[in-house]
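Trainee: Have a look; sequence and predicted model below, questions after that.
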Amino acid sequence: MVKKLLLILLCFLMACAPRGESHSLSQVLESAKFRYAKVQQVQVPGDLMPNLQVLVGSLESLLKNSVSSAKSDAKQVASAIDILVGHAGYTNRPAFGELLYQYLAISNGETSRVSDATIKLLVSRTYSLLASELETTQFKI
């Protein structure tokens, strides 16, 4: 009985132990960019390609600039996402809407709690979502 209890306790402790799944923020960003780069050659509707290019350029600009100068880049990202969200797949639209809201908050000057790390995470989430959309419906809805 005691052996069974110890075995169950040992299994429980092993299941709750960390498994080396934590990555630094830079690694998360690089993996999201890599995933996006892999599917970047997918054909999207021609009228959306300029918006996608503006979006990627603005994301890179957001990463390079400081938080205080992020307003205009965030506004460009928000307007590009606003155009793309209507063509996104139905399962990705809520995520695009949440990202749009966050970029609008930054563009409206709500930067009191925004740091470079926050922007890096937001940009990596955007790249990841773009890759997800390009892997599935490719903005063709």
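Mentor: Ah, there it is. Just so you know, these numbers come straight off a predicted model, no measurement behind them. Numbering: from 1, shown residues only.
Trainee: Quick check, pLDDT for the closest residue to residue 103 other than its chain neighbours.
Mentor: Nearest non-adjacent residue to residue 103, counting by Cβ to Cβ, 6 or more residues apart in numbering: residue 78, 4.0 Å away. All C-beta spots, glycine's among them, are computed from the backbone N, C-alpha and C. Residue 78 carries a pLDDT value of 94.
Trainee: Tell me which residues touch residue 78, please.
Mentor: By Cβ atoms under 8 Å, 6 or more residues apart in numbering, residue 78 lies in contact with 100, 103, 104, 107.
Trainee: the helices in this protein, which residues?
Mentor: Counting by DSSP state H, the chain has these helices, from start to end: 2-15, 25-39, 49-64, 70-85, 93-107, 116-135.
Trainee: now the angle from the fourth one to helix 93-107?
Mentor: The reference is to helix 70-85. 160 degrees (axes from the mean of the first three to the mean of the last three Cα atoms, to 10 degrees).
Trainee: The second one now?
Mentor: If you take the same axes, to 10 degrees, helix 25-39 sits at 130 degrees to helix 93-107.
Trainee: buried ones in helix 25-39?
Mentor: 28, 29, 32, 33, 35, 36 (16 or more other Cβ atoms under 10 Å).
Trainee: Looking at these, which is nearest residue 66?
Mentor: residue 29 (16.9 Å; Cβ to Cβ).
Trainee: Please report how far the closest one lies from residue 49.
Mentor: Distance, residue 29 to residue 49, by Cβ to Cβ, to the nearest Å: 24 Å.
Trainee: Ok, residue 61 next?
Mentor: 19 Å.
Trainee: Test my guess that residue 25 contacts residue 117.
Mentor: Yes. Counting by Cβ atoms under 8 Å, residue 25 touches residue 117, with 5.8 Å between them.
Trainee: With that, I have no additional questions.
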